[in-house]
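Participant: let's see this in three dimensions:
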Amino acid sequence: MKGIDIYSGNGAVDFNLLKENGVEVVYIKATEGITYTDCTYRDFYNGAKAAGLKVGFYHFLRANNPISEAEHFLNAISGLELDCKCAIDVEVTFGQDNDKISSNVRQFADYLKAKGIDTCIYTYTNFYKNNLNESIRNIPLWVAEYGVDRPNISSEYVGFQHSENGSLSGINGDVDLNEFGEGILIGKTGACNTVEVHSESDTIKIIQQQLNTLLKKGLTVDGIEGECTISAIKEFQGVMGLVQDGIWGQKTVSAVNEIFSKPVDGVPYPHYEYATKYIQYRVGGKVDGVFSNGTKVNVQNWQAQHGLLADGVVGAGTWNKLLNENC
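Facilitator: Okay, the predicted model is just below:
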């Protein structure tokens, strides 16, 4: 699941637009220490819930009495309906040793557990390895590491923050980008270690642009090969009759290239399996790669509906309409 985490510094957020761009999970900063409460957390909560997004809150843990910090956090989120585990954000030592930091996290988590609230830890790979001991290893992990396909960690994780300077329609400026597994949800288990999120890539951006043209998916062109992009690749492969492995391999590329070559296609014309399958996918009817008289009729109907000469031949004008317009 594609997700973001936000706080008051992110400014105004259009949650409906974020949802349209594939965001499913929103984590919101609620509190820090024993006195600070983020000024936008309730507005963000209301907006995210109204858009139908899954919502979670996080608390930035400092070096105070962890029970006092936990009570401050619970007072802030009291009465709010949560979808995701509450996250304990621990990423600064504040001069404490590993045992003290780990004890603080453990006490905070146990206090929330006693109140019936699921928790997880948010931290960076290096902090998890170097500043936390074994006492917290059974608490679900949401880990941050940038510029890598997967975090450099052997432990299972339910969330992976792969960028701190992502860009999404619906939010101004940089935003943290995450991929979450089912285990981030309250009452759920399941790591997302199998999700491979590539760092920003021109190749992935091109693939996303091509999928938007072919499938009219509205993918965010961010160069991140997340679950939405992989799902769209699989959908395209299914239409083409290819193995739906989510890998942009040679057969998938060949199918795309044949379609973008825009061959003149019709009953009396040469056979183009992938181009014909794409045409059938767009105009309706059986998708079998054979341009039959049935396909011709479906093309004619589609052409008539879109202001084209209804001759049943897919030439330049029809290809332009199929590929370059959202119809």
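Participant: okay, CA-based contacts and neighbour counts for the rest of this
Facilitator: Will do.
Participant: ranges for the strands of the stretch 51-200 of the chain?
Facilitator: Ranges of strands within the stretch 51-200 of the chain are 54-60, 86-89, 119-124, 141-144, 159-166, 175-180, based on DSSP state E, counting those that start in this stretch.
Participant: with mean pLDDT added, can I get these in TSV?
Facilitator: Below are these laid out as TSV (pLDDT from 0 to 100):
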stretch	mean pLDDT
strand 54-60	98
strand 86-89	98
strand 119-124	97
strand 141-144	96
strand 159-166	90
strand 175-180	93
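Participant: need those strands in a markdown table (columns: mean neighbour count and distance to K113).
Facilitator: A markdown table is the format used below for those (neighbours: other Cα atoms under 10 Å; distance: least, Cα to Cα, whole Å):
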| stretch | mean neighbour count | distance to K113 |
| --- | --- | --- |
| strand 54-60 | 24 | 15 |
| strand 86-89 | 24 | 10 |
| strand 119-124 | 24 | 7 |
| strand 141-144 | 26 | 16 |
| strand 159-166 | 22 | 20 |
| strand 175-180 | 22 | 21 |
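Participant: which ones are touching the nearest residue to A76 once chain neighbours are set aside?
Facilitator: Using Cα to Cα, 6 or more residues apart in numbering and skipping the chain neighbours, the partner closest in space to A76 is A30 (6.9 Å). When the contact criterion is Cα atoms under 8 Å, 6 or more residues apart in numbering, the partners of A30 are Y7, T37, D38, Y41, F57, Y58, H59, F73, A76, I77.
Participant: then Y58?
Facilitator: Y27, I28, K29, A30, T31, C86, A87, I88, D89.
Participant: look up how far R282 lies from G307.
Facilitator: Shown here: G307 relative to R282, a distance of 16 Å by Cα to Cα, to the nearest Å.
Participant: apologies, that question was intended for F236.
Facilitator: In terms of Cα to Cα, F236 sits 12 Å off from R282.
Participant: more neighbours: these two, which one.
Facilitator: More neighbours surround F236 than the other of F236 and R282, with 22 against 18 (other Cα atoms under 10 Å).
Participant: the more buried one touches L215, doesn't it?
Facilitator: Yes - assessed by Cα atoms under 8 Å, F236 is found in contact with L215 at 7.4 Å.
Participant: hey, what's in contact with both of those two?
Facilitator: By Cα under 8 Å, 6+ apart, no residue touches both F236 and L215.
Participant: apart from its neighbours in sequence, what residue is nearest K321?
Facilitator: K321 sits nearest to C327 (Cα to Cα, 6+ apart), 7.4 Å away.
Participant: so what pLDDT did the one you found get?
Facilitator: At C327, the model reports a pLDDT of 77.
Participant: do the same with L18
Facilitator: Looking at L18, its pLDDT reads 92.
Participant: would you check that it makes contact with V175?
Facilitator: No - applying Cα under 8 Å as the test, L18 and V175 come out as separate, 11.6 Å apart.
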